[in-house]
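> Give the three-dimensional model of this entry:
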Amino acid sequence: MQLDLFYELAVPDFAMRNETQVFHDTLDELALAETCGFRTAWLAEHHFMRGYSHSSAPDLVLAAASQRTRTLRLGHAIVTLPYHHPLQVAERLATLDVLSNGRIEFGFGRGFSPQEYAAFGIDMDHSRERVEESLAVLRQAFTGMPVHFTGKHFKIENAEILPKCVQQPHPPLWMAAVSPDSFELAARLGVGVLVGQFKPWFMVQSDIEHYRAAWKKYQGDTEEPARVGMTVGLMCLEDGRRARELANLHITWFYRELLKQTAPVLKQLHAGYEYYKKMGSLKFLTEKTLNLAALETQGMVVAGDPAHCRQKLETYRDAGVDHLLCAISTGGIPSEAAQASMRILADHVIPHFAD
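Numbering: from 1, shown residues only. Below is the predicted model:
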C-alpha cells in the first residue's frame with residue numbers, strides 16, 4: 001500500500017491562518033513530501049465553500065508544485081467534469097503533464113454541490129451522462145489525433161489538443177466513487193476508484209469487494225490492475241495524545257463542515273444522487289453525535305502514535321486499498337504539526353507498508 005497526501009486547502013477562522021499562508025504552507029509540505037517517501041499529492045476541486053475548501057483552481061497549485069518537486073506524483077482530483085468543457089480539461093491536463101515531466105494523475109467525478117451546479121449553469125440531473133461524454137472526449141484527446149465527437153451535450157469537430165501528454169497512452173485515470181453504482185461504473189470504464197471521506201469503513205470495504213469483482217467481469221485479466229485509493233483523516237505523532245488533540249479539534253471540525261456542505265443534496269435529491277439519502281440516515285453523522293471517537297470507530301480517522309497508526313492502517317491494506325490518501329492537514333491543522341506528522345510517517349509507517 002502506497003501512502004499519498006490529500007488536500008482541500010481549508011482556511012477555518014479558528015486556525016488563525018489566512019489563504020496566502022495556507023497555499024504557501026501547502027507548497028512547502030509538498031516539497032517535504034517528496035523527501036519523506038510519499039508517492040502522490042492530490043488536490044480536490046471545490047467552489048464557494050468558505051473555510052471548508054479554498055481549492056477552486058487546483059491545477060494552478062499543481063503547476064506551482066511541479067516546479068518545486070522532481071519525483072512526487074501530482075494528483076489532479078477530483079476534477080468535477082460537468083463544470084468544464086472536456087477539451088479545456090484535456091489541454092490543461094496535458095500542460096500539467098508537460099510541466100511535471102509526466103507525473104500527473106487524473107481523477108474525475110460529478111461533485112455533490114447544488115450551489116456549484118447552479119452557479120455554473122449546469123443541470124445536476126444530467127451529471128452522470130455529462131461525465132460519461134466528457135470521458136469519451138478525453139480518451140479521444142489522449143490519442144493525439146483530432147477529436148471528433150457527437151453526443152447529447154458536446155459536438156466537436158476536428159479539434160487537436162495541444163500540448164500532448166508526456167505519459168503514454170495517458171496519465172492514470174481515477175474516478176470518484178460514493179455509491180455502489182459508481183464503483184460498478186468505474187470497473188466498466190476500466191479506471192481506478194477514489195473513495196472520499198463520506199462513508200464509514202464497513203461500507204467502503206463492501207464497495208471495494210464489489211469493485212474488484214466487477215473489474216474481473218468487465219476487464220478480465222488485463223495488464224491494467226484494479227486500483228483503489230481511499231482518503232482518511234490522519235494525524236500521527238510520537239506524542240499520541242497530542243495527535244488526538246489536533247484531530248479532535250481540526251478533523252472533527254472538517255466533518256461537521258462536510259455535513260453542512262452535503263445537506264443541500266439531501267434536501268432535494270437529484271437524479272443519480274439517491275444514494276446520498278442513505279448516507280444521511282447514518283446516525284453518527286449528525287452535528288450532535290459526531291465526535292472523534294465516533295469517526296475512529298467508523299474507520300474514517302486515524303490519530304495516535306506510530307504503533308497505533310500502523311495497526312489501524314493495516315486494516316485498509318488487508319482489505320485491498322492500494323493508495324491511502326492521508327489528509328494530514330485536514331481542517332487547517334497547523335503546518336508545523338502536519339510536517340512533523342509527515343516525518344514520523346516517513347520514519348515509522350511508510351517503510352512498514354513498503355515492505
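
> Work out for me the element the closest residue in space to F48 that isn't next to it in sequence sits within.
Distances taken as C-beta to C-beta, 6 or more residues apart in numbering put Q115 closest to F48, at 5.8 Å, once the chain neighbours are dropped. In this view, the C-beta of every residue, glycine as well, is placed from N, C-alpha and C. If you go by DSSP states H and E, Q115 is part of helix 114-119.

> again with G229
Going by DSSP H and E, G229 is in strand 228-236.

> now do S55
Under DSSP H and E, no helix or strand contains S55.

> after the helix or strand bottoming out on mean pLDDT in the chain, next one along is what?
Least confident helix or strand of the chain, by mean pLDDT, DSSP states H and E, is helix 275-280 with a mean of 55. Following helix 275-280 in sequence order, the next helix or strand is helix 292-297 (DSSP H and E).

> For that next one, list every residue counted as buried.
Buried residues in helix 292-297, counted by 16 or more other C-beta atoms under 10 Å: 292, 294-296.

> correct me, but G233 touches L324?
No: checked against C-beta atoms under 8 Å, the pair G233 and L324 is beyond contact range at 11.3 Å.

> still on that earlier bit, pull the CA coordinates from the helix holding Q115 and hand them back as PDB.
Provided in PDB are the C-alpha atoms of helix 114-119 (Å, rounded to 0.1, in the frame of the first residue of the first chain):
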ATOM      1  CA  PRO A 114     -26.200  22.000  -5.900                       C
ATOM      2  CA  GLN A 115     -24.800  25.600  -5.400                       C
ATOM      3  CA  GLU A 116     -21.900  24.800  -7.700                       C
ATOM      4  CA  TYR A 117     -24.100  23.400 -10.400                       C
ATOM      5  CA  ALA A 118     -26.500  26.400 -10.200                       C
ATOM      6  CA  ALA A 119     -23.600  28.900 -10.300                       C
END
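
> buried stuff in that helix?
116-117.

> Likewise for stretch 300-309?
Quick answer for stretch 300-309 (16+ other C-beta under 10 Å): 300-306, 309.

> Please apply the same query to stretch 144-154.
Buried, per 16+ other C-beta under 10 Å, within stretch 144-154: 147, 149, 153-154.

> centre of the chain versus stretch 64-76, how much separation?
16 Å (C-alpha atoms, centre = their mean, to the nearest Å).

> now stretch 56-65
How far stretch 56-65 lies from its chain's middle: 14 Å, per C-alpha atoms, centre = their mean.

> if we look at it, which residues are touching it?
Contact with stretch 56-65 is made by 9, 23, 26-27, 30, 41, 43-47, 55, 72, 74, 76, 92-93, 95-96, 99-100, 104, as judged by C-beta atoms under 8 Å, 6 or more residues apart in numbering.

> Please repeat the previous calculation with a cut-off of 7 Å.
For stretch 56-65, the surrounding residues in contact (C-beta atoms under 7 Å, 6 or more residues apart in numbering) are 23, 26-27, 30, 41, 43-47, 74, 76, 92, 96, 99.

> Those in helices, which ones?
Judged by DSSP state H, the contacts of stretch 56-65 include 23, 26-27, 30, 92, 96, 99 as members of helices.
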